[in-house]
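1. sequence first, then the predicted structure:
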Amino acid sequence: YNGAFAGSLPHTLQQTRSCGEGTGMERRNLALLCAGVLCFWLFALAFGTAEGRGVAVQAELPTAAPAAVEDVPVVDAAAQPQLSLNCRAAILVDQDTGTVLYEKNADEQVPIASITKVMTLLLTFEAIHNGQLTLETTVPVSEHAYHMGGSQIWLEPGEQFTLDEMIKAICVSSANDAAVAVAELVGGSEPAFVERMNARAAELGMEHTAFHNACGLDTEGHLSTARDVAVMSCQILNTCPEVLHYTGIWTDTLRGGATQLVNTNKLLHRYNGITGLKTGTTGGAGVCISASAARDGLRLVAVILGAPSSKDRFEAAAALLDYGFGGWQAAPLPAPEVQPLQLRVKGSAEDSVPLDYSALPQTVLLPREGTAALTAQASLPQQLEAPVEKGQTVGTVQVYHGETLLGEYEVKAAADAPRRSGNKGQSLTKDCANGQVDPLLACLVTQAANHHVDPVQVRLAFMGKQAGMEIQFAAHFVAIAHQELHQAIFLLG
């Protein structure tokens, strides 16, 4: 029995205990002792192995990051507290930046049990995002999915559920059979899906992870680390936030109420701000959790691997989160002192382009202690040179905490500003080369081409001169020209 309390009425499991019978007080006491021991182990099976097979054994693990692992900032080990965590490996990271706030054996390869399902869920939600599936897609149940052991919802071959129902069973009750059925739907088969799991892990920089199944049952070589678990946890939380709709469910039902689902993450009712994410327990991995929580804008992920019991797992995760929320804050980022909304563009029909500051975070991770000021400084040119493309990086904003540079964020053009010349300018340049226009104009156009000035504007200036206008007025049309061209126009007058 997997302890997930996910069973249908026809499959209700009955727990019984037997006592020896005798006539004497000694045999009665012996019987009571046997019953007590049996009850203890049944309780351990029910709650200590919520998603695995067998009594929990300790396991190990590593650390995390949302993008490239090598770029993730890590708090100086000397500044990290000596926390008493009864587990093999642990890590605490800021969900938004991947900053490592605490780690213990974070790069040790170990089994991770049902935390494996975080990758299964990530690929499933990505398939929904790209239009391959919808939440109403029917998920068939194969013989292979039916034979999954451990935590399950007792799927029958040929039975069908919607993808929404299957995701609920995976997130709430950690159902192995549901995870494999979904893997077969997304990947065509579980082995093909596992290949995609490993490919996605490589894309995320999870260098010490190797998946061999979609649900996390103990399999030789099926290993990861606390750091890698944090990486994929942050990825799904940041890109598929709808997962929290499922991980926050405490109880629910399937099959019209016949199958009860109870969440394996007991922190939902014990810890302020908890939002998810996934528990896991097998004989090889021990008792594990990737816990996500948010308070006052600060979002944290705590990974615990290889705890000896469910109680130790939750206590260790709570201790990590307490340390994070107690020592760190999500400080609002002030606007730069100079923050133009647009920049002028030289050589374009568009006078200016609007600027996109969306790369700037709303908050910045800072220690709660300290009085240094948080500032932002924009570094932008006075004007841009056409052509300018939407999404083109045109400057940066540097964020400082006192004198320390915390980060640099790109400022981009929010619209296109094409070069002004177009076909008319090309035609005029060609005519000048063929001797089909006034020699003076041809000279000016040549000068313009050498200095990336729009030939059409040169023609306008020349026409103004011929019409008897003041040369200064004619030169106004080529104000974007270099000083040499301006002088050439004047001398030719």
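-> Yep, it's here.

2. let me see the ranges of the strands in the stretch 151-300 of the chain.
-> Using DSSP state E, counting those that start in this stretch, the strands found in the stretch 151-300 of the chain span residues 160-162, 251-254, 259-262, 274-282, 286-295, 298-307.

3. list the helices and strands the second one packs on?
-> Contacts of strand 251-254 with other secondary structure elements, assessed using 3 or more CB pairs under 8 Å, 6 or more residues apart in numbering; DSSP states H and E, are made with helix 163-173, strand 259-262. The C-beta positions use only the backbone N, C-alpha and C, and glycine is treated the same way.

4. can you list the strands that it pairs with?
-> strand 259-262 (antiparallel) (DSSP bridges).

5. if we compare the helices and strands packed on strand 251-254, which one ends up closest to Ala291?
-> Closest approach to Ala291 among the helices and strands packed on strand 251-254 is made by helix 163-173 (13.7 Å; CB to CB).

6. now the one helix or strand Ala319 maps to: average pLDDT?
-> Assigned by DSSP states H and E, Ala319 belongs to helix 310-327. Per-region confidence: helix 310-327 scores 97 on mean pLDDT.

7. now stretch 262-276
-> The model assigns stretch 262-276 a mean pLDDT of 96.

8. would you mark the buried spots in that stretch?
-> Buried residues in stretch 262-276, defined by neighbour count with 16 or more other CB atoms under 10 Å: Val262, Asn263, Thr264, Asn265, Lys266, Leu267, Leu268, Tyr271, Ile274, Thr275, Gly276.

9. check stretch 182-190 too.
-> Quick answer for stretch 182-190 (16+ other CB under 10 Å): Val182, Ala183, Glu184, Leu185, Val186, Gly187, Glu190.

10. just stretch 194-209 next, same as before
-> Quick answer for stretch 194-209 (16+ other CB under 10 Å): Val194, Arg196, Met197, Arg200, Ala201, Leu204, Gly205, Met206, His208, Thr209.

11. follow-up on the earlier one: pairing partners for the helix or strand following the helix holding Ala319, with directions?
-> For helix 310-327, the succeeding helix or strand toward the C-terminus, using DSSP H and E, is strand 328-332. Within its sheet, and counting by DSSP bridges, strand 328-332 is paired with strand 363-367 (antiparallel).

12. pull the residues that contact the following helix or strand past the partner strand.
-> Next along the chain after strand 363-367, taking DSSP H and E as the criterion, comes strand 374-379. Strand 374-379 is contacted by residues 331, 333-340, 360, 364, 366, 395-401, 411 when judged by CB atoms under 8 Å, 6 or more residues apart in numbering.

13. restricted to helices, list these.
-> Taking DSSP state H, every one of the contacts of strand 374-379 sits outside helices.

14. what about the stretch 51-200 of the chain, any weak spots by pLDDT?
-> 51-79 (pLDDT under 70).

15. at 90 instead, please
-> Applying pLDDT under 90 to the stretch 51-200 of the chain flags residues 51-82, 149.

16. now do the helices in this protein.
-> 25-43, 117-129, 143-146, 163-173, 176-187, 190-203, 226-239, 243-247, 310-327, 422-433, 439-450, 455-466, 471-476, 483-492.

17. tally of neighbours for Gln132?
-> 12 (other CB atoms under 10 Å).

18. how about the nearest residue to it, chain neighbours excluded?
-> Val186 (7.5 Å; CB to CB, 6 or more residues apart in numbering).

19. mind listing what the one you found touches?
-> Per CB under 8 Å, 6+ apart, neighbours of Val186: Leu123, Thr124, Ala127, Gln132, Leu133, Phe193, Arg196.

20. which of those residues count as buried?
-> Leu123, Thr124, Ala127, Leu133, Phe193, Arg196.

21. how near is the second one to Arg196?
-> Counting by CB to CB, to the nearest Å, the gap from Thr124 to Arg196 is 11 Å.

22. which positions in the helix holding Ala319 come out as buried?
-> Buried-residue list, helix 310-327, by 16+ other CB under 10 Å: 310, 312-321, 323-325, 327.

23. can you tell me how far Thr363 is from Asp296?
-> Counting by CB to CB, the gap from Thr363 to Asp296 is 9 Å.

24. ok, Leu360 next?
-> From Leu360 to Asp296 the distance is 19 Å (CB to CB).

25. between those two, which has more neighbouring residues?
-> Leu360 (19 against 9).

26. mind listing the residues bridging to the nearest residue to the more buried one once chain neighbours are set aside?
-> The spatially closest residue to Leu360, leaving aside those adjacent along the chain, is Tyr409, at 5.0 Å (CB to CB, 6+ apart). Taking DSSP bridges as the rule, Tyr409 bridges to Val397.

27. stretch 374-388: which residues count as buried?
-> Leu374, Ala376, Ala378, Leu380, Leu384, Ala386, Val388.

28. from memory the last one sits against Arg419, does it?
-> Read that as Val388. No - under the criterion of CB atoms under 8 Å, Val388 makes no contact with Arg419, lying 9.3 Å away.

29. can you list residues touching both of these two?
-> Ser348.

30. hmm, who's touching stretch 139-150?
-> With CB under 8 Å, 6+ apart, stretch 139-150 has contacts from 2, 51-53, 155-163, 165-166, 176-182, 184-185, 190, 215, 217, 282.

31. quick check on the residues you listed: which are buried?
-> 2, 51-53, 155, 159, 161, 163, 165-166, 176-182, 184-185, 190, 215, 217, 282.

32. shared neighbours, Thr363 and Asp296?
-> Common neighbours of Thr363 and Asp296 (CB under 8 Å, 6+ apart) are Ala330.

33. hmm, back to that, can you put the buried residues of stretch 194-209 in TSV and add distance to Ile170?
-> Below are these laid out as TSV (distance: CB to CB, whole Å):
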residue	distance to Ile170
Val194	16
Arg196	17
Met197	14
Arg200	17
Ala201	18
Leu204	20
Gly205	25
Met206	20
His208	24
Thr209	19
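
34. which of those residues lies closest to Glu242?
-> Arg200 (18.0 Å).

35. wait, Ala317 sits on Val287?
-> No - Ala317 is not in contact with Val287 according to CB under 8 Å; the separation is 10.6 Å.

36. circling back: of all the contacts of Val186, which comes closest to Ala349?
-> So of these, ranked by how close each gets to Ala349 (CB to CB), first place is Gln132, at 42.1 Å.

37. look up phi and psi at the closest one.
-> phi -70, psi -40 (degrees, to the nearest 10).

38. now it: how far from Arg200?
-> Distance from Gln132 to Arg200, by CB to CB: 14 Å.

39. got the CA coordinates for stretch 308-321 in CSV?
-> The C-alpha atoms that make up stretch 308-321 are tabulated as CSV, following Å, rounded to 0.1, in the frame of the first residue of the first chain:
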residue,chain,number,x,y,z
PRO,A,308,14.7,9.0,7.2
SER,A,309,11.0,9.7,7.7
SER,A,310,8.1,11.9,6.5
LYS,A,311,8.3,13.9,9.7
ASP,A,312,12.0,14.6,9.1
ARG,A,313,11.3,15.6,5.5
PHE,A,314,8.7,18.2,6.4
GLU,A,315,10.7,19.5,9.4
ALA,A,316,13.8,20.0,7.2
ALA,A,317,11.9,21.7,4.5
ALA,A,318,10.2,24.0,7.0
ALA,A,319,13.6,24.9,8.6
LEU,A,320,15.0,25.8,5.2
LEU,A,321,12.1,27.9,4.3
